[in-house]
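*Asks:* pasted the sequence and its predicted model underneath.
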Number of protein chains: 2
Amino acid sequence: MSKQQTIKATESELEILNILWTEGPSTVRAVHEKLAETKDTGYTTTLKQMQVMLEKGLLSRDASTKTHVYTAAVNKEQAQGQMLQRMIETMFNGSAMQMVMQALGSHKTSKAEQELIREYLAKKTKK
Amino acid sequence: MSKQQTIKATESELEILNILWTEGPSTVRAVHEKLAETKDTGYTTTLKQMQVMLEKGLLSRDASTKTHVYTAAVNKEQAQGQMLQRMIETMFNGSAMQMVMQALGSHKTSKAEQELIREYLAKKTKK
DNA sequence: CCAAATGTACGACGATTATCGTAATTGACA
DNA sequence: TGTCAATTACGATAATCGTCGTACATTTGG
């Protein structure tokens, strides 16, 4: 069991990881098509990125058929937690609350979202 | 008022920005000393980074005296908001709640912190 | 007034990123 | 079974990052 010390990924890599996390094991073409919805880069770019990510241990793949199938090799929750933690440390002086407040205060977070968060916390408190 | 389109900063730059945000206008030496508490790089490295950040418009400076004084040129709340938003979009499928849940679920977030967040939200709800 | 000491400027270097062109491979099917 | 369209492999390139050595500039204390 290769314990992944610290997960380090760039913005682009995170995008790819997220696609794999939500879509499950996918081909390069599938990932690329998903990416193409928001950005405009060539197929080989995506391919290369995923090959590099494989090298780094961020992805794994099944190469038994012509069209390889890639899978996220890092745990979603763990990766998210680490990213968040890093952000909290470098930008919010280590305070998760400051970060949550910023997230809730932002106009980009909808009222509905805020309401959901409150409910979640209420439930968590009550338990 | 030069509208900063999108604030883009690396991890290192964020560290420097955060120091300036909390300490206020500072000299390179002051920033470097603060940085030295956690990392171990040379003075000129910090200097160069800050010069690059000046170039990029992330910092401004008063060079009227020998020892220049640098100031964060980007708004703290705006920068934090953008970073958060980007993270929410690329890693949490656009859901702030998913992010908050992850942050609260992490064992790195202390009970005390969680309690504070609950209080904050309770107050916000009551109002 | 001049020599340390303290700062800044400049540029270089290796590593990594994002991007892509082109070559090699392979599997399906006519 | 040979061809062709799709896919992967293999660099190459330009940009950015983090790092620092070294040269140049400027105070300031003796």
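*Replies:* It's in. Numbers count the residues shown, from 1 in each chain, chains lettered A, B, ... in the order given.
*Asks:* contacts, neighbours, all on C-alpha from now
*Replies:* Will do.
*Asks:* give me the most central residue, chain A.
*Replies:* In chain A, the centroid-proximal residue (Cα atoms, centre = their mean) is residue A:18; its distance is 4.1 Å.
*Asks:* run through who's touching the one helix or strand it maps to.
*Replies:* For residue A:18, the host element (DSSP states H and E) is helix A:11-23. Contact with helix A:11-23 is made by A:26, A:31, A:34-35, A:49-50, A:53, A:70-72, A:76, B:90-93, as judged by Cα atoms under 8 Å, 6 or more residues apart in numbering or on different chains.
*Asks:* can you pull out the strands in chain A?
*Replies:* Taking DSSP state E to define them, one finds strands in chain A at A:26-27, A:59-62, A:69-72.
*Asks:* touching DNA strand D at all, the shortest one?
*Replies:* Yes. Contact between strand A:26-27 and DNA strand D is present through residue A:27 (criterion: Cα under 7 Å from any atom of the strand).
*Asks:* indicate each strand paired with that strand and its parallel or antiparallel sense.
*Replies:* Partner strands and pairing direction for strand A:26-27 (DSSP bridges) are strand A:69-72 (antiparallel).
*Asks:* please see if the strand it pairs with touches DNA strand C.
*Replies:* No. Figure legend: strand A:69-72 not in contact with DNA strand C (Cα under 7 Å from any atom of the strand); closest approach 12.7 Å.
*Asks:* would you mind extracting the C-alpha trace of that strand into PDB?
*Replies:* Output of strand A:69-72 as PDB, limited to C-alpha atoms (Å, rounded to 0.1, in the frame of the first residue of the first chain):
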ATOM      1  CA  VAL A  69      -9.100   3.700 -19.200                       C
ATOM      2  CA  TYR A  70      -7.900   6.000 -16.500                       C
ATOM      3  CA  THR A  71      -9.000   6.200 -12.800                       C
ATOM      4  CA  ALA A  72      -8.300   8.700 -10.100                       C
END
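*Asks:* pLDDT of that strand, averaged?
*Replies:* The average pLDDT within strand A:69-72 is 98.
*Asks:* gap between that strand and the chain center?
*Replies:* Its chain's average C-alpha position is 14 Å from that of strand A:69-72, according to Cα atoms, centre = their mean, to the nearest Å.
*Asks:* figure out how far the helix holding residue A:18 is from the centre of its chain.
*Replies:* 5 Å.
*Asks:* okay, buried residues for that helix please.
*Replies:* For helix A:11-23, burial by neighbour count (16 or more other Cα atoms under 10 Å in any protein chain shown) applies to A:13-21.
*Asks:* check contacts around residue A:96.
*Replies:* Contacts of residue A:96 (Cα under 8 Å, 6+ apart): A:88, B:103-104, B:109, B:113.
*Asks:* quick one: which of those is nearest to DNA strand C?
*Replies:* Nearest to DNA strand C among the contacts of residue A:96: residue A:88, at 20.4 Å, using Cα to the nearest atom of the strand.
*Asks:* please give me every residue in contact with the closest residue to residue A:84 other than its chain neighbours.
*Replies:* Distances taken as Cα to Cα, 6 or more residues apart in numbering or on different chains put residue B:103 closest to residue A:84, at 6.8 Å, once the chain neighbours are dropped. The contact partners of residue B:103, taken as Cα under 8 Å, 6+ apart, are A:81, A:84-85, A:96, B:109.
*Asks:* widest-spaced pair of those?
*Replies:* A:81 and A:96 (11.6 Å; Cα to Cα).
*Asks:* looking at chain A, which helix or strand is least sure?
*Replies:* Sorting the helices and strands of chain A by mean pLDDT, DSSP states H and E puts helix A:111-126 at the bottom, at a mean of 68.
*Asks:* what's the neighbour count on residue A:39?
*Replies:* The local packing of residue A:39 (other Cα atoms under 10 Å in any protein chain shown) involves 10 other residues.
*Asks:* that should have said residue A:30, apologies.
*Replies:* Residue A:30 - counted by other Cα under 10 Å - has 15 other residues nearby.
*Asks:* distance of it relative to residue A:100?
*Replies:* Here residue A:30 is placed at a distance of 34 Å from residue A:100 (Cα to Cα, to the nearest Å).
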